[in-house]
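Visitor: need coordinates for the below:
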Amino acid sequence: MKKTIRKIPLIFAMMGLLAVSLLGCSSSGEPSSAPSDASAVSHTQTDSTQTSEETSPQTEKQQAILYIGTQGDFKEYPYEYQGELKPETLLQGMSNLTGWDLSLSKAVTIEKNHITVSFAKTSALFAGPPEPQKEEFFVYDADTLIPTILDSVKKTLQENFAATCAGGDPDSLHIYYRMEGDQPLTFDNLHITIPMDQPYTSMPKG
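Guide: All right, here's what the predicted structure looks like:
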């Protein structure tokens, strides 16, 4: 009987040591929690990457305003774009909206307080409106189309770039026009030439 009494505490002691040993591995967490931590980090990085991509200025949709009309009579059209806002972006938006070909002969140049736009001979200024025309932007002749394009481009560029090029004042941002070959815009059918060394103000009379 005495021998049995002595063995029982020994067995319990051994079981207690085993339990403590098992508990120690579990609480240290090194074998089991490491994969869990790695997974959490990976998940965080994925979320961070997705959030960064979704909010990146290069992918986030932004809105500009396009102005179509002539001096003193413009209609505003919201235009969504992605990436950096460039004059070419706005001209493409205007072309998509109206159907007018606004092809350029070279990239638009931006200076501190002026922008220079050089139109290609294939543009609607010289080739005329598309066929068929969009009803909202229908024009009957070059006398209407040309000043509408030039005034609309000027107004749209001034309003969207004044903050970065002219201290926020659209009227202080001058727009210069020319045609390919670095020549002044010349419309033989209207007997009109627009000087390329002077800011465009309005369509001169033929």
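
Visitor: and the strands in the protein?
Guide: Remark: strands assigned in the chain by DSSP state E are 61-70, 73-82, 109-110, 114-119, 174-179, 185-187, 192-194.

Visitor: closest to V139 out of those?
Guide: strand 61-70 (10.9 Å; C-beta to C-beta). C-beta: built from backbone N, CA, C; applies to glycine.

Visitor: which of the strands of the chain sits closest to Q133?
Guide: Taking the strands of the chain one by one with C-beta to C-beta, strand 61-70 is closest: 13.4 Å.

Visitor: E131 and A124, how far apart?
Guide: For E131, the distance to A124 (C-beta to C-beta, to the nearest Å) stands at 11 Å.

Visitor: and if you look at Y140?
Guide: Y140 sits 14 Å away from A124, going by C-beta to C-beta.

Visitor: for Q92, which residues are in contact?
Guide: For Q92, the contacting residues are L102, by C-beta atoms under 8 Å, 6 or more residues apart in numbering.

Visitor: let's go with 10 Å and repeat that
Guide: Contacts were defined as C-beta atoms under 10 Å, 6 or more residues apart in numbering; by that measure Q92 touches Y79, Y81, K86, L102.

Visitor: just T116 next, same as before
Guide: T116 touches 87, 106-110, 174-178, 182, 196, counting by C-beta under 10 Å, 6+ apart.

Visitor: apply 7 Å and report the result again.
Guide: Shown in contact with T116 (C-beta atoms under 7 Å, 6 or more residues apart in numbering): V108, T109, Y176, R178.

Visitor: thinking again about what came up before, quick one: buried ones out of the contacts of Q92?
Guide: Neighbour-count burial (16 or more other C-beta atoms under 10 Å) is assigned, among those, to Y79, L102.

Visitor: between the contacts of Q92, which is nearest T164?
Guide: Distances from T164 to the contacts of Q92, taken by C-beta to C-beta, are shortest for K86, at 11.5 Å.

Visitor: just the pLDDT for that closest one.
Guide: Looking at K86, its pLDDT reads 96.

Visitor: do P204 as well
Guide: pLDDT, P204: 88.

Visitor: got any ranges where this protein has weak pLDDT?
Guide: Applying pLDDT under 70 to the chain picks out residues 1-58, 206.

Visitor: what separation do you get for K106 and T116?
Guide: The separation that K106 has from T116, given C-beta to C-beta, amounts to 9 Å.

Visitor: can you check G167 too?
Guide: 19 Å.

Visitor: next one: Y140
Guide: Counting by C-beta to C-beta, the gap between Y140 and T116 amounts to 30 Å.
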